[in-house]
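[1] My questions are about this predicted structure, shown below with the sequence.
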Amino acid sequence: MAHSHDGHQHNHTHGANKKTLLIAFFIITVYMIVEVIGGYLTNSLALLSDAGHMLSDAISLGVGVVAFSFSERVANYRNTFGYKRFEILAAVFNGVALIVISIFICIEAVKRFAYPPEVASNGMLLIAIIGLLVNILVAWILMRGGDTHGNLNMRAAFLHVIGDMLGSVGAVLAAILIMLFGWDWADPLASIIVAILILVSGWRVTKDSIHVLMEGTPSNVEIEKIIQVIEGTDGILAIHDLHIWSITSGENALSCHAVVNGSLTVQESQGILQHLEHELLHMGIGHMTIQLENDGHQHSDDILCNLNMNQEKPHDHKLS
């Protein structure tokens with residue numbers, strides 16, 4: 001059997017992500033308090049909804065830091081992969097939070113369309129501009145210091161901040177329209193537009209996180225190419241019981257049974273495994289377990305799955 005991993009690089013990125021989230025958390029929390037007070041004093045829903053989203057940002061960033069801290073705990077007999085899935089659970093929490101907040105903002109905005117209150121547009125504009133600058137700073141910090149593309153926990157936090165940035169833009173535009181034309185309805189309209197954007201982001205993060213929890217095939221892994229590499233290796237006749245999943249963001253794992261010629265020596269078998277470790281590592285697989293089987297004693301544990309796969313694909317391997 002073969003097993004490999006790229007833990008050093010993951011730990012380095014992990015530490016950078018945690019530090020970046022911590023810095024962003026303090027900045028967002030301080031300005032959130034300022035925006036709540038400003039939104040209350042100016043009677044602006046756009047500002048209050050932006051402040052509410054900033055609150056979710058602060059919670060999101062805080063949960064992200066806690067998740068990274070938990071995932072640093074070492075593996076044990078009870079949790080052999082450690083606590084790395086805490087990062088994915090945090091991403092699910094943040095994604096659902098985005099959805100709930102967007103729905104709440106839409107409900108409040110509809111009420112304000114019916115009875116638009118008077119808004120102190122000058123104060124609203126000033127606070128919204130400062131909020132926009134703060135969000136741009138935090139987004140830059142997250143992009144520069146963390147893995148906002150590959151790590152679901154970081155991406156969820158980043159999308160919170162981007163949504164908040166859009167909220168600030170909406171509040172700025174609404175304040176200008178109110179000042180120039182007296183369009184009080186611009187305030188709830190800006191809130192609804194931002195809420196829809198937040199809803200889309202929340203849905204995507206939640207869907208991707210659940211996909212990881214369901215141990216679906218990672219999006220950055222081309223499973224057909226992996227099958228071709230394994231089956232194309234000299235000495236391997238066929239593969240079955242292939243599984244590819246993510247332990248957490250950026251850590252993909254693979255396990256399978258490979259049927260080999262019974263005449264292979266131990267040294268030849270080890271050569272096959274070392275070759276596959278090298279090839280699969282460059283295809284995004286950091287953890288792998290490959291069990292070699294004599295062609296006279298191959299077996300499968302899932303007859304139903306094998307039948308289904310034979311109907312779907314012309315390969316001689318079985319995927320379960």
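    It's in.
[2] Where does pLDDT dip in this structure?
    For the chain, applying pLDDT under 70 flags the ranges 1-15, 44-47, 49-50, 52-53, 56, 71, 146-148, 150, 295-320.
[3] now do 50
    2-10, 12, 300-320 (pLDDT under 50).
[4] which helix is the longest one in it?
    Using DSSP state H to define each element, the chain has its longest helix at helix 7-42.
[5] Which strands or helices does that one pack on?
    helix 45-71, helix 121-145, helix 152-181 (3 or more Cβ pairs under 8 Å, 6 or more residues apart in numbering; DSSP states H and E). Bear in mind the C-beta positions are built from the backbone N, C-alpha and C, glycine included.
[6] 10 Å - rerun?
    helix 45-71, helix 121-145, helix 152-181, strand 236-248, strand 251-260 (3 or more Cβ pairs under 10 Å, 6 or more residues apart in numbering; DSSP states H and E).
[7] quick one, which of those is nearest to Y31?
    helix 121-145 (4.6 Å; Cβ to Cβ).
[8] Flag every buried residue along the closest one.
    Buried residues in helix 121-145, counting neighbours by 16 or more other Cβ atoms under 10 Å, are found at 121, 123-125, 127-128, 131-132, 134-135, 138-139, 141-143, 145.
[9] Which one of those residues is nearest to K18?
    G145 (10.0 Å).
[10] Let me know whether that closest one touches A16 as I believe.
    Yes - in this structure G145 lies within contact range of A16 using Cβ atoms under 10 Å: 5.8 Å.
[11] who touches both of those two?
    Each of M154 lies in contact with both G145 and A16 under the rule Cβ atoms under 10 Å, 6 or more residues apart in numbering.
[12] returning to that earlier point: so how far is the longest helix of the chain off the chain centroid?
    Counting by Cα atoms, centre = their mean, to the nearest Å, helix 7-42 is centred 17 Å from the centre of its parent chain.
[13] now the angle between helix 121-145 and that helix, please.
    180 degrees (axes from the mean of the first three to the mean of the last three Cα atoms, to 10 degrees).
[14] Can you give me the buried ones in helix 7-42?
    10, 13-14, 17-18, 20-21, 24-25, 27-29, 31-32, 35-36, 38-39, 42.
[15] what number of residues lie near R85?
    R85: 18 surrounding residues under other Cβ atoms under 10 Å.
[16] What distance do you get for it to L55?
    The spacing between R85 and L55, counted by Cβ to Cβ, to the nearest Å, is 26 Å.
[17] Same check on V66?
    16 Å.
[18] Between the two, which is the more surrounded one?
    More neighbours surround L55 than the other of V66 and L55, with 19 against 14 (other Cβ under 10 Å).
[19] Setting aside sequence neighbours, what's the nearest residue to that one?
    M32 (5.6 Å; Cβ to Cβ, 6 or more residues apart in numbering).
[20] same thing with L197?
    That would be L166: by Cβ to Cβ, 6+ apart, it lies 5.5 Å from L197.
[21] and what of L177?
    A186 (4.0 Å).
[22] G170 now?
    A190 (3.4 Å).
[23] What of L48?
    That would be G39: by Cβ to Cβ, 6+ apart, it lies 3.8 Å from L48.
[24] Kindly provide the distance from the one you found to L132.
    14 Å.
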